[in-house]
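1. My questions concern the predicted model and sequence given below.
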Amino acid sequence: MSVPAAGRTGPARLARTGGPRPGLPLASAVLALAAVACAAPGLLTEVSPTAADPLAALLPPGPDHWFGTDQLGRDVYARVVHGARHSLLLGIGATALGVLAGLLIGLPSALLGRAADQVAMRGMDVLLALPELLLALLVIAVAGPGSMNALLAIAVASVPGYARLIRGQARVVRRAEYIAAATALGLRRRTVVLRHVVPNTLGPLVVPATLGVGTAVIAGSALSFLGIGPRPPAPEWGAMLSQGRDALQSAWWIAVFPGAAITVSVVAITVVGRRLHLRLEGRREA
């Protein structure tokens with residue numbers, strides 16, 4: 001008796017793909033939890049992240065303090081939850097600002113002729129010659145420490161990459177047949193640019209920008225680790241990691257939990273970004 005084709009397809013497909021993949025659902029759940037922590041941390045904990053209790057200093061993880069307490073008796077779990085707002089919004093804000101600045105540089109570079117292109121791209125080449133973290137540190141050295149200055153520094157460091165991506169995509173779009181058709185119909189140049197060039201230039205940038213958020217989160221945590229991010233006592237994952245590095249032997253939880261939060265969040269962002277990349281290319285994950 002032959003097996004129906006539909007009956008063979010399911011197991012065969014699972015055999016080829018190695019079974020269901022939980023990566024995307026898990027990554028989505030992590031990002032959903034992070035979104036709740038950013039928007040409404042009170043739903044996850046009612047403990048103040050800055051309330052100190054010297055009598056409860058350096059308590060290990062337990063029923064009263066799930067992630068233990070730090071040197072000042074502050075609840076590490078509450079600080080990790082509230083720290084999501086500083087760390088993740090810094091990454092998202094820096095990426096958005098970097099993409100906007102890249103658009104303002106890359107789009108004119110692609111559309112205004114060779115002279116504008118040469119001036120803009122040679123400037124971007126100079127910035128690309130510097131490592132992103134070093135460029136961010138230079139901006140911090142001029143602007144000073146703080147949350148907004150850290151966001152600005154990370155955004156400036158990301159601008160050259162986005163500017164070159166946008167320039168390349170815009171040069172492809174401007175040669176497309178629909179652009180020629182819109183111009184032949186008598187549409188003004190500004191209308192063609194805003195209605196056709198900009199949307200079709202930014203569309204393929206969704207995936208690099210998504211992955212860029214993870215890079216920006218790491219960069220923001222690195223700046224905070226160096227002590228030039230959000231000012232104390234504001235909870236921030238990189239700063240918490242720095243505060244706990246000297247107590248790893250006696251109070252490992254102070255550094256391990258914020259470090260795990262950084263790692264899990266960046267991995268989740270990367271998984272979602274990679275799946276978006278495969279989806280836009282019409283391919284399946286291998």
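-> Ah, there it is. Numbering: from 1, shown residues only.
2. What are the boundaries of the helices in the stretch 51-200 of the chain?
-> Counting by DSSP state H, counting those that start in this stretch, the stretch 51-200 of the chain has helices at residues 76-111, 114-128, 132-143, 147-173, 177-184, 189-192, 198-202.
3. CSV please, covering those helices and showing distance to E46.
-> For glycine as for every other residue, the C-beta is placed from the backbone atoms N, C-alpha and C. Listed next are the helices of the stretch 51-200 of the chain as CSV, based on distance: least, C-beta to C-beta, whole Å:
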stretch, distance to E46
helix 76-111, 8
helix 114-128, 45
helix 132-143, 34
helix 147-173, 24
helix 177-184, 55
helix 189-192, 52
helix 198-202, 41
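4. Now render those helices as CSV, adding mean neighbour count.
-> Listed next are these as CSV, based on neighbours: other C-beta atoms under 10 Å:
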stretch, mean neighbour count
helix 76-111, 22
helix 114-128, 14
helix 132-143, 16
helix 147-173, 22
helix 177-184, 12
helix 189-192, 12
helix 198-202, 17
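5. of the ones you listed, which approaches G212 most closely?
-> helix 76-111 (4.8 Å; C-beta to C-beta).
6. do you know which of the helices of the stretch 51-200 of the chain lies nearest L44?
-> Among the helices of the stretch 51-200 of the chain, if distance is taken as C-beta to C-beta, the winner is helix 76-111, at 4.9 Å.
7. orientation of the closest one relative to helix 114-128 in degrees?
-> Relative orientation of helix 76-111 and helix 114-128, computed by axes from the mean of the first three to the mean of the last three C-alpha atoms, to 10 degrees: 150 degrees.
8. just how off-centre is helix 76-111 within its chain?
-> A distance of 7 Å separates the centroid of the chain from that of helix 76-111, by C-alpha atoms, centre = their mean, to the nearest Å.
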